[in-house]
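> here is a sequence with its predicted model. Questions after.
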Amino acid sequence: MVFILFQSIIIFRLALIVHLIQFEWIILFYFTVRTTRQEDLDDALVNMLVKDTQPFSVVEEEGFTAFVQKLDPSYNLPNKQALKKMVGSRCEFINDNVVSQMVISDFVSLTSDMWTSIDKHSYISVTGHLVAENAKLSTFLLGISKLPENHKVIHIEEAKNQLVASWGLHSRVAALVTENSENMVATVQKLGILQLPSFAHVLNLVIKRSMEASLELQDIRSQARAIVSFFKSNQNAEMRLAEVQGQLGRPEQKLIQEVDSRWNSSFSMLERVFDQRESVAAALSTLDTDIIPLGSADYEVIHQCLGVLGSFNQATAELASEKRVSASKVIPLVRMLKITLENKHGAIIHSTATQLASNLQRELQTSCSMVETEPILGLSALLDPRFKMLAFGNQGYAQEAVKLLTSECASLIRINPDKDAILPPSTTRSMTPSLTSPHTSSWAMETASISMTQSVQSSTADAAVEVQHYLSDPYLNRVENPMHYWEKHSKVYPHLFQLARKYLSVPASSVPCERIFTKAGDVFNKKRSCLSMKAVEQIISFQSLAAENWKERRPKKDLVLGVTSEIYLLERVLQVGDAMVTSELR
């Protein structure tokens, strides 16, 4: 009987221990999940604030706080100051990642542009572009600087110099891409940095001048602008257009208004008006307006002009991309545009479209005839496995680019003959007598000269072999990413890979910098006009990192908590077990 009672007590206590452990697991799991949930919601809040350019004070607005409380009563909504700290800490994390990439990168390419806000203040920004060791292309904001009211070239120069110097990049800038205005070119030259004109801007001017030289096309554009403005400014007209589109079985699409600074917005406007021509004509016929609709002859002109401009629209979109390498496309794109225009001439019927094609050919020849002689563009095209020597129309220029590539490759080989096994400085010095030593004989100096000559010849020969092997590799498909090729071949062509990192990081335009100002314009709205420049930089910097990437890269606090929890539970089990045994022994 006593034994049964003793056994029951033991079973009861064991069951109690199990329940205690389960309870502690539940409590710890609750707090772990709650901590993770809090962090996830904090991240979502910061992402909303940054992507939608909301003010920090949104977390203190009555309607928003009530909405969040209704969604998740357990969420502890941070106040404005805490939210600022969250943005700051995340931006520090981003900057640390950028710095770590730049430290191991030998070269960085830059873009710079100026912008005037709606309150008439002038700003300048600089963005950086590099190819990391894993062959991934990265773009980041170096900074934004406010210029004096009556700024001059010296002020622009000082602002750029400060932004570049703050990151210690002067000696590592492969090129600085800007629009080709006198002020921007002059400031870059004074900084001692190689300036490359934004080809997207060059192409924009080529097309704008060509379109403006055609009087009939200008008249049609003006008429199209008036039609679009009417529907944009009249809500009833816009609603009527949507109704007609539904009745005609056409997709419900709003008309697009062109922007003077971007030629491709004119293309989009004319394309949308042409696609919706039946709906537009039907809607206008039922509305009280003096707007004159475009006729069938006008639409035929639009159709043929769009055919001429289609390849230019595609080229503009490709050059403006931040996700893919672009400078390497400049030479082949110019060549492709010239060939396309030559082929179009036979198919064009209307005189206006013919004139437009002729204007484009003339402007391309004037503005882009020497792109194949530009060293950076030539080297980037050669180092793009999709193009190589096929990018060039003039094989003489192609051979010059190959010579330059071989020369740069040889220089790298002399500096670093074996990237995986660099000779220590002492060994190198013992092989080459010092030319400055007073005890060096004439014969020793002659030997050193011969040794140096042989070293140059050897490195040039090795470079030629590496370059020729690379050039003889099969071409990459045009739609493939060239950086994937270099990721796979970084060990096969180690010196060319370093040059690819340098030249394929160069953008073909300063559009990435212009996008910074588009974002800045959103940030500098009425509710956020009191933000400091540092806060603006932080917000724009964070916009460059997607929410999912931040979630992947943020410090993993949950892992630490989980390990701590397991240790704590183990200690509790041992404590309870020891107490039980001690009690039974008594």
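Nice, I can see it. What you are looking at is a predicted structure, and each value in this text was computed from that prediction instead of being measured. Residues are numbered from 1 along each chain as shown.
> from here on, just use CA atoms for contacts and neighbour counts.
OK.
> helix or strand right after the helix or strand that contains Ile302?
In this assignment (DSSP states H and E), Ile302 forms part of helix 296-319. Once the chain leaves helix 296-319, the next helix or strand it forms, by DSSP H and E, is helix 330-344.
> just how off-centre is that next one within its chain?
Taking Cα atoms, centre = their mean, to the nearest Å, one finds the center of helix 330-344 at 26 Å from the center of the full chain.
> how about residues contacting it?
Contact partners of helix 330-344, identified using Cα atoms under 8 Å, 6 or more residues apart in numbering, comprise 199, 308, 311-312, 315, 319, 357, 361, 364, 368, 371-372, 377-378, 381, 387, 390-393, 508.
> I'd like the average pLDDT over the host helix or strand of Asp42.
According to DSSP H and E, Asp42 maps onto helix 2-51. Averaging pLDDT along helix 2-51 yields 65.
> and the helix or strand that that helix is followed by, how far out from the chain's middle?
Under the assignment DSSP H and E, the closest C-terminal helix or strand after helix 2-51 is helix 62-71. Averaging C-alpha positions (Cα atoms, centre = their mean) puts helix 62-71 35 Å from its chain's average.
> hmm, who's touching helix 62-71?
Defining contact as Cα under 8 Å, 6+ apart, one finds that helix 62-71 is touched by Val58, Val59, Tyr75, Leu77.
> which regions of the stretch 301-450 of the chain sit below the pLDDT cut-off?
321-323, 417-450 (pLDDT under 70).
> how about the strands in it?
Remark: no strands are assigned in the stretch 301-450 of the chain by DSSP state E, counting those that start in this stretch.
> equivalent analysis for the stretch 51-200 of the chain, please.
For the stretch 51-200 of the chain, the strands defined by DSSP E, counting those that start in this stretch cover 108-116, 122-131, 137-146, 173-178, 195-197.
> ok, back up a step: buried among the contacts of helix 62-71? Make that a ChimeraX selection.
Command for ChimeraX, covering only those of the contacts of helix 62-71 found buried under the criterion 16 or more other Cα atoms under 10 Å:
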select :59,75,77
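> now which of the contacts of helix 330-344 would you call buried?
199, 308, 311-312, 315, 319, 357, 361, 364, 368, 371-372, 377-378, 381, 387, 391-392, 508.
> helices - which of those residues land there?
Secondary-structure check on those using DSSP state H: residues within helices are 199, 308, 311-312, 315, 319, 357, 361, 364, 368, 377-378, 381.
> turn those into CSV, including distance to Asp462.
As requested, these are exported to CSV (distance: Cα to Cα, whole Å):
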residue, distance to Asp462
Phe199, 34
Val308, 47
Ser311, 41
Phe312, 41
Ala315, 37
Leu319, 34
Ala357, 47
Gln361, 42
Leu364, 39
Cys368, 34
Leu377, 24
Gly378, 21
Ala381, 22
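> which one of these is nearest Glu216?
When these are ranked by distance to Glu216 (Cα to Cα), Ala357 comes first, at 13.9 Å.
> verify the stated contact: the closest one with Val308.
Yes: in this structure, Ala357 is within contact of Val308 by Cα atoms under 8 Å, at 6.5 Å.
> count of neighbours near Glu258?
The criterion is other Cα atoms under 10 Å. On that basis, Glu258 has 20 neighbouring residues.
> revised request: answer the last question for Val202.
The burial count assigned to Val202 is 16, neighbours taken as other Cα under 10 Å.
> helices or strands up against the one helix or strand it maps to?
When elements are assigned from DSSP H and E, Val202 belongs to helix 199-212. Helices and strands in packing contact with helix 199-212 are listed as helix 215-233, helix 263-275, helix 296-319, helix 351-368; criterion 3 or more Cα pairs under 8 Å, 6 or more residues apart in numbering; DSSP states H and E.
> could you rerun that using 6 Å?
Contacts defined by 3 or more Cα pairs under 6 Å, 6 or more residues apart in numbering; DSSP states H and E place helix 199-212 against helix 351-368.
> and for the helix it packs on, what's in contact with it?
Applying Cα atoms under 6 Å, 6 or more residues apart in numbering, the set of residues contacting helix 351-368 from outside is Val206, Ser210, Gln304, Cys305.
> just stretch 124-131 next, same as before
Contacts to stretch 124-131, defined as Cα under 6 Å, 6+ apart, come from residues 108-114, 137-145, 501, 505.
> on that earlier part again, the inter-axis angle of the helix holding Val202 versus helix 296-319?
Taking axes from the mean of the first three to the mean of the last three Cα atoms, to 10 degrees, one finds helix 199-212 and helix 296-319 inclined to each other by 170 degrees.
> by how many degrees do helix 199-212 and strand 173-178 diverge?
In this structure, helix 199-212 runs at an angle of 30 degrees to strand 173-178, with the same axes, to 10 degrees as the basis.
> pLDDT averaged over helix 199-212 - what is it?
Mean predicted lDDT for helix 199-212 stands at 92.
> find the nearest non-adjacent residue to Leu169, please.
Taking Cα to Cα, 6 or more residues apart in numbering as the measure, Leu169 lies nearest to Val108, with 7.5 Å between them; neighbours along the chain are not counted.
> next, count neighbours for that neighbour.
25.
> tell me how far it lies from Gln468.
Applying Cα to Cα, to the nearest Å, one obtains 27 Å for the distance of Val108 from Gln468.
> how is the protein divided into domains?
The chain breaks down into these domains under automatic domain parsing: 2-78+556-585, 101-197+510-549, 203-369, 375-434+442-503.
> turn these into a markdown table, columns for distance to Met86.
Formatted as a markdown table, the domains of the chain follow (distance: least, Cα to Cα, whole Å):
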| stretch | distance to Met86 |
| --- | --- |
| domain 2-78+556-585 | 7 |
| domain 101-197+510-549 | 11 |
| domain 203-369 | 27 |
| domain 375-434+442-503 | 34 |
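> wasn't Leu255 part of a helix?
No: read with DSSP: H, G, I helix; E, B strand; the rest coil, Leu255 is coil and lies in no helix.
> that one and Ser261: what is the separation?
Going from Leu255 to Ser261 by Cα to Cα gives 18 Å.
> looking at the two, which is more packed in?
The residue with more neighbours, out of Leu255 and Ser261 and counting by other Cα under 10 Å, is Leu255; that gives 24 against 12.
> show the pLDDT at the more buried one.
Reported pLDDT at Leu255 in the predicted model: 96.
> that's all I had, so thanks and see you.
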